[in-house]
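A.B. asks: Below are the sequence and a predicted model; questions follow.
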Amino acid sequence: MRGPKLVKHPRICIVGLSFFGDPFETSAGWSEENEIGRLWKRWLALYGEHAHAIPACAPDAMLEVHIWGESATTTGEFDVFVGVEVAALAAVPVSLVAKVLPPSEYAIFTLEADEITGDWARDIYQGWMEEHGYRSAHDFMIQWYDQRFKGLDQLPGSELDIYIPVEKSGD
């Protein structure tokens, strides 16, 4: 795992689709058969239909946002949102939804190959953040997929960026 690189980022507007529940109830981990994999399949089909109507900032970059509430640790249920970043929320096709993430400082980590499906969350949240005096600034994190990610079937040679909104623990 490389990083982190600390970057202040303005709000992020995303157009896409969401799922709420336990995404691993039917299939654990990184699988195209769990609810996250199914969400991506739905999103990619709809994006293919509506790409002309969605002015994506970087059409080759897609985001997966995990948003957790207080009950996530006890129920395993949380929001998963996938989509593309847009500069502004103009006309959002009725079959899609939008999220606006607040401005934040992000710790950006780059994962390579098998690190992508490893326990990087523990290494970041209970390792790096605690060791360096940071805490989560918001109850979400972003997986930022671009042309460097080749797919689950091609992890060797793939890279993925993880954006964690952070603030110093004493702030």
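C.D. replies: It's in. Predicted model, so just to flag it, every value in this text is computed and none were measured.
A.B. asks: now the helices for the chain?
C.D. replies: With DSSP state H as the criterion, the chain has helices at 35-50, 72-75, 120-122, 129-132.
A.B. asks: mind listing what's buried in the longest one?
C.D. replies: The one in question is helix 35-50. 35-40, 43, 46-47 (16 or more other C-beta atoms under 10 Å). Every C-beta, even on glycine, is put in place using the N, C-alpha and C of the backbone.
A.B. asks: For Pro93, state which of these is nearest.
C.D. replies: Nearest to Pro93 among these: Leu46, at 7.9 Å, using C-beta to C-beta.
A.B. asks: ok, now which ones touch that closest one?
C.D. replies: 17, 93, 95-96 (C-beta atoms under 8 Å, 6 or more residues apart in numbering).
A.B. asks: Which of the residues you listed are buried, as a PyMOL select command?
C.D. replies: Those of the contacts of Leu46 that count as buried under 16+ other C-beta under 10 Å are selected in PyMOL with:
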select buried, resi 17+96
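A.B. asks: of all the buried residues of helix 35-50, which comes closest to Thr74?
C.D. replies: Using C-beta to C-beta, these come closest to Thr74 at Glu35, 18.4 Å.
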